[in-house]
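# Need coordinates for the below:
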Amino acid sequence: MFGLIGWIFFGLFVGIIAKLLMPGRDPGGFIVTIILGIVGSVLGGFIGRVLGIYPAGHPAGLLMSILGAILILVLYRVAVRPRAV
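Have a look, this model is predicted:
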């Protein structure tokens, strides 16, 4: 199992990959990248369990974590997009 430091590094890795796969400017920095990666991993694991890819209690794989992080990144961009006046 990952410790807290392991989850932070894994989240950073997943978040960076998600940002590299999604071109364009993001309204977030280093900490946001880590948070998006961690939340994406959790979301990817949940989606994987719903689809029957992962049994209960298993962490998400790298691919599902990245897909989850990309989904979170898209939602984040929509939520914090500058509004036209």
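
# Tell me which stretches of this structure form helices.
In the chain, helices defined by DSSP state H lie at 4-21, 30-50, 62-80, listed in chain order.

# Turn those helices into JSON lines, including mean neighbour count.
Quick note: C-beta positions are derived from backbone N, CA and C, even for glycine. What follows is those, written out as JSON lines (neighbours: other C-beta atoms under 10 Å):
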{"stretch": "helix 4-21", "mean neighbour count": "17"}
{"stretch": "helix 30-50", "mean neighbour count": "19"}
{"stretch": "helix 62-80", "mean neighbour count": "18"}
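
# can you list these in CSV and add mean pLDDT?
Shown next, in CSV, are these (pLDDT from 0 to 100):
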stretch, mean pLDDT
helix 4-21, 78
helix 30-50, 78
helix 62-80, 82
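
# Gly24: neighbouring residues, count only.
7 (other C-beta atoms under 10 Å).

# And it, how far from Ser65?
21 Å (C-beta to C-beta, to the nearest Å).

# Equivalent analysis for Pro23, please.
As judged by C-beta to C-beta, Pro23 and Ser65 stand 20 Å apart.

# before we move on, what about Gly45?
Taken as C-beta to C-beta, the span from Gly45 to Ser65 is 7 Å.

# what does Gly11 give?
9 Å.

# With Leu51 instead?
Leu51 sits 14 Å away from Ser65 when distances are taken as C-beta to C-beta.

# What does Leu51 show for phi and psi?
phi -80, psi -10 (degrees, to the nearest 10).

# give the contact list for it.
Applying C-beta atoms under 8 Å, 6 or more residues apart in numbering to Leu51 gives no contacts.

# ok, the closest residue to Ile35 other than its chain neighbours - contacts?
Closest residue to Ile35 apart from its sequence neighbours, by C-beta to C-beta, 6 or more residues apart in numbering: Gly11 at 7.1 Å. Listed by C-beta under 8 Å, 6+ apart, the contact partners of Gly11 are 34-41.
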